[in-house]
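Undergrad: Give me a model of this one.
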Amino acid sequence: MDKLKKALSGDDEEEDKGIVTQISDATTLSWSTRIKGFLFCFILGAVLSILGSCLLFMRNGLVIFGVLYTLGNILSMASTCFLMGPLNQIKKMFAKTRVFATIMVLVMFVLTLVCAFAIKNAPLTIICCILQFLAMTWYSLSYIPFARDAVMKCFSACLD
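TA: Next up, the predicted model:
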């Protein structure tokens, strides 16, 4: 009713706001809905990854594994959009400190699916899944302060 009164009186405060602010105001989720969405996507992503691992030894299992593992990782990564919002998530993904890790993860997603569907090479799909896991680990470590430095020091100490 208030919007109708504002529209009829000619008071268009909405036009003063930017389009992004208007969309954000219209689609804001409550915190409990955000948590539920995050948990649903994250758990579904984990289930898909585990299911892919279980189906690994079936006929065409390596292809199924690569696809389900990749879809599970994509869902798990996208689940954080519920917590911080998609725009904020994309900004953080391509921040200066983690742009390389983000690009590597996205490239490994694509390469895994290409190896599974187009090339249909099982050993290459497994190698891409392993590299995808390593890229996701490096990406995840970028959100923990000094974690990547600690991992690099640990590995360099082990190699020396």
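Undergrad: just the helices in this structure please.
TA: For the chain, helices defined by DSSP state H occupy the ranges 2-9, 13-16, 19-26, 31-54, 61-84, 86-93, 99-114, 122-141, 147-159.
Undergrad: Counting neighbours, what do you get for the nearest residue to residue 101 once chain neighbours are set aside?
TA: Setting aside the residues directly before and after it, residue 101 is nearest to residue 139 in space (C-beta to C-beta, 6 or more residues apart in numbering), at 4.1 Å. In this view, the C-beta of every residue, glycine as well, is placed from N, C-alpha and C. Neighbours of residue 139 under the rule other C-beta atoms under 10 Å: 22.
Undergrad: Tell me who's in contact with residue 139.
TA: Residue 139 is in contact with 98, 101-102, 104-105, counting by C-beta atoms under 8 Å, 6 or more residues apart in numbering.
Undergrad: okay if I get the helices of the chain as CSV plus mean pLDDT?
TA: Below are the helices of the chain laid out as CSV (pLDDT from 0 to 100):
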stretch, mean pLDDT
helix 2-9, 53
helix 13-16, 53
helix 19-26, 60
helix 31-54, 92
helix 61-84, 89
helix 86-93, 91
helix 99-114, 95
helix 122-141, 91
helix 147-159, 92
